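Peer 1: have a look at this fold, sequence not included:
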């Protein structure tokens, strides 16, 4: 049953150039170009080539932001997000297939994808729930340790091991709920920092989980055979990292869809309301504690699942991965990518994870350069590389259904 | 005339400070009460206690015989009380629709699993709520209806107030509490907002309104009765003309002249 009012609302709520041929072309081409750039980054060996790519990337960013053509490209991707996402998925699959025999590139792509899954979780916590989680790497490691214990010492099917990584990460997050709900802003950040430091120290000094050496983790074997033993797919020689990269990409797609469905619903409005103004939200009957807890625990589930698969891919986990520095890297990925934009975590993940591998000369200055980049982004483009798009729940633009 | 809202001996203490001191207050269905008083006289505290943001120290309050004394904001909202705020409390980065929808959010299915797996129901629910929000917004300003999916931060001050009022009205409240709707607006904007409000009152004759306001013109125009607070106590209750003649009210507002 659709009233005329509704039609009016939809007609007027939609942007003027909702669907046009050039717009559709742009929505297809922009993701292709982005993944093309990623392929280029994976391909290059010389430092100067990498440097050129970085300059091209920066130029593209400035053009997208400052030129009229760039802005309409970005707008086209926003209004036709369905087409843009489909194009991105196909481009990602093409990229993985192109690099199917390249261990190192696939490992990096899979790492970026898994950090992006954790990034979706962190985004739910920070961008939606408003909880500054400075212990993301700790929860990521909890997922990996869970995988080490369950996959190494029980016969639990590995898909369930992944889920368990998320559940355990959320359960340990429950311990944090009380202090997190009782504090605000910077104090939440302090509480999470303290938790991360405590967890890492505990893992180091206690031998139950292998102490400083950490633990070995069996490879991911969701359907009986270990991913590590895969050498051919459909007759083609492939790296054993290809199935991992595909699984990581699939996990990102799932996390992306779930996160987006939550955002584009009453739940998304509730979280935004609580984050923006707890008093107004309470006056309209929302419980800030309920929504912060929901955001925190949901985010932890995603971070934990990502950590479990990451651990199985690497084959081991140790307390170093749970450290504060690692948490900062995860946090800078979502701040750089754009708080609340899930694609942003992929772009920034590529910048933060792959770029230093390619630019060996900056390796030692990694953290220094991240800091400068994050400050520059906050100064010149506070929404991040890809800012969070406005949520419009009208029908025409809806990726909701 | 039976009262819709009935408060008796409502008291709120903050430590040693008595912000509300044994307040008796009644509003009938369809009545508009102008609530006035100098700064710090307890008007906003009264609203915060009524809507459950503060828990009252003692007294009693009921809405149509349903006890709302010291209840949670959720249950008070469900009983039919809605409000606006003195300072604009909108999500400026979110759309006008998102802001209005906050008014009915507590009645929506908010479970994570139903959100993920019952998208068809969600879509239908969204469409119905969009239609309702659009209808409300258009009643106040057709252009606001057209801006339903623009960020609330793009709106003018008066339209932001209108969004706040739509947000309060979308849940079909029985009692609407307006906390200084004219704050931060020009006299002309205030007049237009009051036009809206009076027009809306015609269409919803059973809605009771309590209006906190410093603009005496506004109070004169829209209120049936006035109540004056000072230091948390009611010092006057009656018609507007009697209020401005009242010695104690004049003293409270302007000082004793000594």
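Peer 2: Yes, it's here. On a predicted model such as this, the values are computed, not experimentally measured, just so you know.

Peer 1: ok, the residue nearest the centre of chain A - contacts?
Peer 2: Geometric centre of chain A, nearest residue: residue A:116, 2.2 Å, by C-alpha atoms, centre = their mean. Under the criterion of C-beta atoms under 8 Å, 6 or more residues apart in numbering or on different chains, the neighbours of residue A:116 are A:252, A:255, A:333, A:342, A:345, A:346, A:349. Heads up, the C-betas are built off the backbone N, CA and C, glycines and all.

Peer 1: closest one to chain B out of those residues, please.
Peer 2: Closest to chain B out of the contacts of residue A:116 is residue A:255 (12.0 Å), distances taken as C-beta to the nearest C-beta.

Peer 1: just the pLDDT for the closest one.
Peer 2: We have a pLDDT of 97 for residue A:255.

Peer 1: pretty sure it is in a helix, no?
Peer 2: Yes - assigned with DSSP: H, G, I helix; E, B strand; the rest coil, residue A:255 falls within a helix.

Peer 1: and it, how far is that from residue A:279?
Peer 2: 32 Å (C-beta to C-beta, to the nearest Å).

Peer 1: more neighbours: those two, which one.
Peer 2: Higher neighbour count among residue A:255 and residue A:279: residue A:255, with 27 against 14, using other C-beta atoms under 10 Å in any protein chain shown.

Peer 1: wait, doesn't the more buried one sit right on residue A:117?
Peer 2: Yes - with contacts counted by C-beta atoms under 8 Å, residue A:255 reaches residue A:117, the gap being 4.7 Å.

Peer 1: name the element the residue nearest to the centre of chain A belongs to?
Peer 2: helix A:103-123 (DSSP states H and E).

Peer 1: and the angle from the very next helix or strand once past that helix to helix A:103-123?
Peer 2: Next helix or strand after helix A:103-123 toward the C-terminus (DSSP H and E): helix A:136-153. Inter-element angle recorded for helix A:136-153 and helix A:103-123: 120 degrees (by axes from the mean of the first three to the mean of the last three C-alpha atoms, to 10 degrees).

Peer 1: thinking again about what came up before, not counting its neighbours along the chain, what's nearest the residue nearest to the centre of chain A?
Peer 2: Spatial nearest neighbour of residue A:116, chain neighbours left out: residue A:345 (4.0 Å); criterion: C-beta to C-beta, 6 or more residues apart in numbering or on different chains.

Peer 1: what's in contact with the strand or helix carrying that neighbour?
Peer 2: Element membership for residue A:345, per DSSP H and E: helix A:342-349. By C-beta under 8 Å, 6+ apart, the list of residues contacting helix A:342-349 from outside reads A:34, A:88, A:111-113, A:115-116, A:119-120, A:123, A:252, A:255-256, A:259-260, A:332-338, A:384-386.

Peer 1: I'd like to know how many residues surround the closest residue to chain B within the stretch 251-400 of chain A.
Peer 2: Relative to chain B, the nearest point of the stretch 251-400 of chain A is residue A:285 (3.4 Å; C-beta to the nearest C-beta). Residues within reach of residue A:285, counting by other C-beta under 10 Å, total 23.

Peer 1: tell me where the stretch 151-258 of chain B has strands.
Peer 2: Using DSSP state E, counting those that start in this stretch, the strands of the stretch 151-258 of chain B run over B:175-179, B:208-212, B:225-230, B:233-238.

Peer 1: out of those strands, which is closest to chain A?
Peer 2: With C-beta to the nearest C-beta as the measure, strand B:175-179 is the member of the strands of the stretch 151-258 of chain B nearest chain A (9.7 Å).

Peer 1: quick one: average pLDDT of the helix or strand following the helix holding residue A:345?
Peer 2: Downstream of helix A:342-349, the first helix or strand assigned by DSSP H and E is helix A:355-358. Average pLDDT, helix A:355-358: 84.

Peer 1: repeat that for stretch A:178-190.
Peer 2: 84.

Peer 1: what is the end-to-end distance of that stretch?
Peer 2: Terminal residues of stretch A:178-190 are spaced 14 Å apart (C-alpha to C-alpha, to the nearest Å).

Peer 1: before we move on, back to that, shared neighbours, residue A:255 and residue A:117?
Peer 2: Residues touching both residue A:255 and residue A:117 by C-beta under 8 Å, 6+ apart: A:302, A:305, A:306.

Peer 1: can you pick the most crowded of those?
Peer 2: Neighbour-wise, the shared contacts of residue A:255 and residue A:117 (other C-beta under 10 Å) top out at residue A:306, 33 neighbours.

Peer 1: just the ones of the shared contacts of residue A:255 and residue A:117 in strands?
Peer 2: Among the shared contacts of residue A:255 and residue A:117, DSSP state E puts none in strands.

Peer 1: remind me which residues of the stretch 301-401 of chain A are low pLDDT?
Peer 2: A:396-401 (pLDDT under 70).

Peer 1: any buried residues in the longest helix anywhere in chain A, and which?
Peer 2: Longest helix of chain A, by residue count under DSSP state H: helix A:288-314. Across helix A:288-314, burial judged by 16 or more other C-beta atoms under 10 Å in any protein chain shown covers A:288, A:291-314.

Peer 1: intersect those with the contacts of chain B.
Peer 2: The residues of these that also fall near chain B, by C-beta under 8 Å from any C-beta of the partner chain, are A:294, A:298.

Peer 1: my guess is residue B:209 contacts residue B:181. True?
Peer 2: No - in this structure, residue B:209 is not within contact of residue B:181 by C-beta under 8 Å, at 10.5 Å.

Peer 1: okay, and the common contacts of the two?
Peer 2: Counting by C-beta under 8 Å, 6+ apart, the common neighbours of residue B:209 and residue B:181 are residue B:197.

Peer 1: which one's more surrounded, these two?
Peer 2: Legend: neighbour count by other C-beta under 10 Å for residue B:209 and residue B:181, higher for residue B:181 (27 against 22).

Peer 1: what about the strands in chain A?
Peer 2: A:215-216, A:232-233, A:236-237, A:316-317.

Peer 1: tell me which of those sits most buried.
Peer 2: strand A:316-317 (a mean of 22; mean count of other C-beta atoms under 10 Å in any protein chain shown).

Peer 1: ok, and what's touching that strand?
Peer 2: In contact with strand A:316-317 (C-beta under 8 Å, 6+ apart) are residues A:141, A:144, A:145, A:147, A:148, A:214, A:215, A:216, A:217, A:311.

Peer 1: lowest pLDDT pick from those residues?
Peer 2: Among the contacts of strand A:316-317, residue A:214 has the lowest pLDDT, at 90.

Peer 1: that one contacts residue A:322, correct?
Peer 2: No - proximity of residue A:214 to residue A:322 does not meet the contact threshold set by C-beta under 8 Å, at 9.8 Å.

Peer 1: which residues do these two both contact?
Peer 2: Here residue A:214 and residue A:322 have residue A:203 as joint contacts, going by C-beta under 8 Å, 6+ apart.

Peer 1: between those two, which one's more packed in?
Peer 2: Between residue A:214 and residue A:322, residue A:322 has the larger neighbour count (other C-beta under 10 Å), namely 29 against 22.

Peer 1: for residue A:187, see how far away that one is.
Peer 2: Distance from residue A:322 to residue A:187, by C-beta to C-beta: 22 Å.

Peer 1: which of the shared contacts of residue A:255 and residue A:117 sits closest to residue A:362?
Peer 2: Of all the shared contacts of residue A:255 and residue A:117, residue A:306 has the smallest distance to residue A:362: 26.2 Å, by C-beta to C-beta.
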